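Q: Please work out how this folds:
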Amino acid sequence: GSEVGDEIAVNPRVKAVSFTGSNATGTRLYDKVTGRNAKCQCEMGGKNPVIVLADADLDNAVTQVIAGSMLSTGQKCTATSRVMVEDAVADEFTDLLVERVKAMKVGNGQVDGVQIGPAVDQAQLDTILSYIGVGKAEGAELLTGGARPTGGDYDKGFYVEPTVFGGVTRSMRIAQEEIFGPVVGVIRVSSFEEAMDIANDVEFGLSASIITKD
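A: Below is the predicted model:
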């Protein structure tokens, strides 16, 4: 925890530190390590966009979005969390995404066929569920998921259903803040230019993708 982390940061025998985690913790760590002229590399938060253009292979696009947003239970800094889709294919893409996400199996990741494992701990589960509540309160449309499954083995872990929101706008908190869970928001756009503008309209800069045949 923080006791070990602080010692690593300030101990003069440690010549370099590589960190993966939150922006707040990474910024504090960077200040401590570089303050004593050691090297520090930080890979911190993200709100990573995927742009799906009208000419995209939509089956492939959905496969890529699911891989980026849902696998690893969305618990990676590079996880996809925003999908900008051109209006011409937005309905078809969203229907296909929801259909595929609804079919995903949540459970113990060591069991064959399970695609969504648990969140790392109770605090992270609470954060994910809180953001799902925020999305609904802000007016986004909950298209699938959004709940904690219960009963049997589900009560032994920090599980959450893979979640898709529609009707998301750029200013919503679920479009601006890192959730770190299997939650993705679909944002309709009229053009590539609008998609790029929204993609860049966050404080984070980490990973991004464009799906097109062009």
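Q: what bits of this structure have low per-residue confidence?
A: Along the chain, the model assigns pLDDT under 70 to no residue.
Q: Kindly recompute the last result at 90.
A: 1-3, 5, 20-24, 44-45, 77, 204-205 (pLDDT under 90).
Q: all helices of it, in order?
A: In the chain, the segments counted as helices under DSSP state H are 2-10, 23-35, 58-69, 87-102, 122-138, 192-199.
Q: buried sites along the last one?
A: So the one you mean is helix 192-199. Neighbour counts over helix 192-199 (16 or more other CB atoms under 10 Å) mark 192, 194-196, 198-199 as buried. From N, CA and C alone the C-beta is placed, and that goes for glycine too.
Q: Quick check: bridge partners of the residue nearest to Gly68 when sequence neighbours are not counted?
A: Closest residue to Gly68 in three dimensions, ignoring its sequence neighbours and counting by CB to CB, 6 or more residues apart in numbering: Thr80, at 3.2 Å. Note on Thr80: beta-bridge partners by DSSP bridges are Asn48.
Q: Offset the numbering so it begins at 32, please.
A: I'll keep to 32 as the first residue from here, and by that count the last item is Thr111.
Q: Contact partners for Ala150?
A: Ala150 is in contact with 104, 106, 156, 159, 189-191, 212, counting by CB atoms under 8 Å, 6 or more residues apart in numbering.
Q: contacting residues for Thr243?
A: Listed by CB under 8 Å, 6+ apart, the contact partners of Thr243 are 82, 84, 86-87.
Q: Closest one to Arg204 out of these, please.
A: Each of the contacts of Thr243 was checked against Arg204 using CB to CB; the closest is Ile82, at 21.0 Å.
Q: What is the burial count for the closest one?
A: For Ile82, the count of nearby residues is 24 (other CB atoms under 10 Å).
Q: do the one 4 residues further on as well
A: Counted with other CB under 10 Å, residues neighbouring Asp86 total 12.
Q: What count of nearby residues applies to the residue nearest to it when sequence neighbours are not counted?
A: Using CB to CB, 6+ apart and skipping the chain neighbours, the partner closest in space to Asp86 is Lys244 (4.8 Å). Using other CB under 10 Å, Lys244 has 9 other residues around it.
Q: ditto for Ala178
A: 12.
Q: Would you reformat the buried residues of helix 223-230 as CSV and include distance to Asp184?
A: Output for the buried residues of helix 223-230, formatted as CSV (distance: CB to CB, whole Å):
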residue, distance to Asp184
Phe223, 45
Glu225, 44
Ala226, 40
Met227, 43
Ile229, 39
Ala230, 38
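Q: Which of those sits closest to Leu60?
A: Ala230 (27.8 Å).
Q: Next, the distance between the ends of stretch 104-111.
A: 11 Å (CA to CA, to the nearest Å).
Q: residues touching the nearest residue to Gln72 once chain neighbours are set aside, list them.
A: Nearest non-adjacent residue to Gln72, counting by CB to CB, 6+ apart: Ser49, 4.6 Å away. Neighbour list for Ser49: 71-74 [criterion: CB under 8 Å, 6+ apart].
Q: Much appreciated, bye for now.
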